[in-house]
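Engineer: curious how this folds, go ahead:
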Amino acid sequence: MTIICADEKFQVHKVVVCSQSSFFNTACSKPWGKSKQPAVDLSDDDVETVKRMIDFFYRGDYQDFESDKFTQHAQVFAIATKYDIDKLAQKAAHKFWNANIKCWDAEAFLKSVPIVYLGTPEQVLGLRDVATRCIRVHFTQLGGDADIQALWRETCTSNPTFAFHLLQSFHSNPFMAHCHKCGYGQAMEPNQFQCLKCRGWKTSKKEFK
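Structural biologist: All right, here's what the predicted structure looks like:
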């Protein structure tokens, strides 16, 4: 079968592609005529993202990006969701999280938020939950630089669902930190509390009442 994107054509094997995507399986089930091979036009999608998708079909992985990692992985997640490729969506979310750990860039992350929240249906929470954990891990770093503060404000204003999702995360798990066993972004249960006024220590929030 042929996958068309912009001016490029990719020859792929139906048995490889259709076994991993219900979208392509349905597309290949249409009557194409005896002499015709199935051709699926994905020209509405980004060609580099389509290349990563095809790469994943054959290797179970895809080549990483040199720049704009958050945005690019978010685009891969979006195309995986669009064409029902569950394992690719999981891989993209994993790579998105790894970018957060290995090469955090506040500006790049914030610029990826619109794709995370507008590129997939509202009920698809996979990458949204990962993005929320990312921002929780680096939350204190958003208040220093004036340009980042401005972008942070613009991101929350333009993407209110993201802001609400973040508030929900704080409500569900007020404390999140690094665990030496489980890694970054883990919900925590504090065992001591300090009053910032009198500097007194308590083992329970109830003791402050």
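Engineer: show me what the helix or strand hosting Glu107 packs onto, helices and strands only.
Structural biologist: Applying DSSP states H and E as the criterion places Glu107 in helix 106-118. With contacts taken as 3 or more CB pairs under 8 Å, 6 or more residues apart in numbering; DSSP states H and E, helix 106-118 sits against helix 69-82, helix 126-137, helix 146-158, helix 160-172. To be clear about C-beta, it is placed using only N, CA and C from the backbone, and glycine gets the same treatment.
Engineer: for stretch 41-53, measure first residue to last.
Structural biologist: Stretch 41-53 stretches 14 Å from its first residue to its last (CA to CA, to the nearest Å).
Engineer: return the set of buried residues in that stretch.
Structural biologist: For stretch 41-53, burial by neighbour count (16 or more other CB atoms under 10 Å) applies to Leu42, Asp45, Asp46, Thr49, Val50, Lys51, Arg52, Met53.
Engineer: I'd say the first one and Thr2 touch.
Structural biologist: Okay, so that is Leu42. No - between Leu42 and Thr2 there is no contact under CB atoms under 8 Å: 10.6 Å.
Engineer: okay, now the unreliable bits of this protein?
Structural biologist: 32-35, 176-177, 188, 190, 204-209 (pLDDT under 70).
Engineer: centre-most residue in it?
Structural biologist: Centroid-nearest residue in the chain: Leu127, 3.4 Å away (criterion: CA atoms, centre = their mean).
Engineer: could you find the closest non-adjacent residue to that residue?
Structural biologist: Using CB to CB, 6 or more residues apart in numbering and skipping the chain neighbours, the partner closest in space to Leu127 is Phe77 (4.7 Å).
Engineer: what number of residues lie near the one you found?
Structural biologist: For Phe77, the count of nearby residues is 30 (other CB atoms under 10 Å).
Engineer: Asp86 too?
Structural biologist: 13.
Engineer: that one contacts Ala93, correct?
Structural biologist: No - Asp86 is beyond contact range of Ala93, at 10.8 Å (criterion: CB under 8 Å).
Engineer: the nearest residue to Lys69 once chain neighbours are set aside and Ala92, how far apart?
Structural biologist: Once flanking residues are discounted, Lys69 sits nearest to Ala99: 4.1 Å by CB to CB, 6+ apart. Here the criterion is CB to CB, to the nearest Å. By it, Ala99 lies 11 Å from Ala92.
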